[in-house]
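Visitor: Mind looking at a prediction? Sequence and model below.
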Amino acid sequence: MEGDPEHEFFRNGMLANNESWCVVFNSFTKLEQVYIDHIKKEMGHDRVWAVGPLLPPKDDDLIGPTNCSGSSAVPAHEVMTWLDGKADDSVVYVCFDNWVLG
């Protein structure tokens, strides 16, 4: 309902998302291609990326694959190399909540 604080918070967040330069999802394209294409169409640009699943490497292995529900769009070591090449304070870090099924 309009005027409800929770509704207004959600609405304002959605409006801010629509004004964003890009959209990043912790998912992978093969799983959600239809939805990613829809968002690109709605946003009016191609700056919509599925960058996951990105997981921390196991046993300090920066080169080995990280698998969870499929392969990542970008290998973890390539992401780390890219980040290492950027100047300090020039990259926005986005953390997707991680959880484990037991």
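Guide: Nice, I can see it. Please read all numbers here as calculations on a predicted model, not as lab measurements.
Visitor: Tell me what residue 49 is bridged to.
Guide: Under DSSP bridges, the beta-bridge partners of residue 49 are residue 24.
Visitor: and it, how many neighbours?
Guide: Neighbour count for residue 49, taken as other C-beta atoms under 10 Å: 16. Bear in mind the C-beta positions are built from the backbone N, C-alpha and C, glycine included.
Visitor: pLDDT value on it, please?
Guide: pLDDT for residue 49: 84.
Visitor: That one touches residue 27, doesn't it?
Guide: No. If you go by C-beta atoms under 8 Å, residue 49 and residue 27 don't touch, sitting 9.6 Å apart.
Visitor: What's the local residue count around residue 91?
Guide: Residue 91, neighbours per other C-beta under 10 Å, totals 11.
Visitor: same check, this time on residue 47
Guide: Using other C-beta under 10 Å: residue 47 sits among 12 other residues.
Visitor: Skipping adjacent residues, who's closest to it in space?
Guide: residue 22 (3.8 Å; C-beta to C-beta, 6 or more residues apart in numbering).
Visitor: Let me see the contact set for the one you found.
Guide: Residues near residue 22 by C-beta atoms under 8 Å, 6 or more residues apart in numbering: 47, 48, 49.
Visitor: Using JSON lines, please lay out those residues together with distance to residue 90.
Guide: JSON lines is the format used below for these (distance: C-beta to C-beta, whole Å):
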{"residue": "47", "distance to residue 90": "18"}
{"residue": "48", "distance to residue 90": "22"}
{"residue": "49", "distance to residue 90": "18"}
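Visitor: I'd say residue 50 and residue 36 touch.
Guide: Yes. Under the criterion of C-beta under 8 Å, residue 50 makes contact with residue 36 at 5.8 Å.
Visitor: Now for these two: what residues contact both?
Guide: 25, 29.
Visitor: what are the ranges of the helices in the protein?
Guide: 5-19, 29-43, 76-84 (DSSP state H).
Visitor: Which of those helices comes out lowest on mean pLDDT?
Guide: helix 76-84 (a mean of 80).
Visitor: can I get the CA coordinates of that one in PDB?
Guide: Coordinates of each C-alpha in helix 76-84 appear next as PDB, following Å, rounded to 0.1, in the frame of the first residue of the first chain:
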ATOM      1  CA  ALA A  76      37.700 -17.200 -10.100                       C
ATOM      2  CA  HIS A  77      41.400 -16.700 -11.000                       C
ATOM      3  CA  GLU A  78      40.500 -14.400 -13.800                       C
ATOM      4  CA  VAL A  79      38.400 -12.300 -11.400                       C
ATOM      5  CA  MET A  80      41.200 -12.200  -8.900                       C
ATOM      6  CA  THR A  81      43.700 -11.200 -11.600                       C
ATOM      7  CA  TRP A  82      41.400  -8.400 -12.800                       C
ATOM      8  CA  LEU A  83      40.900  -7.100  -9.300                       C
ATOM      9  CA  ASP A  84      44.600  -7.200  -8.600                       C
END
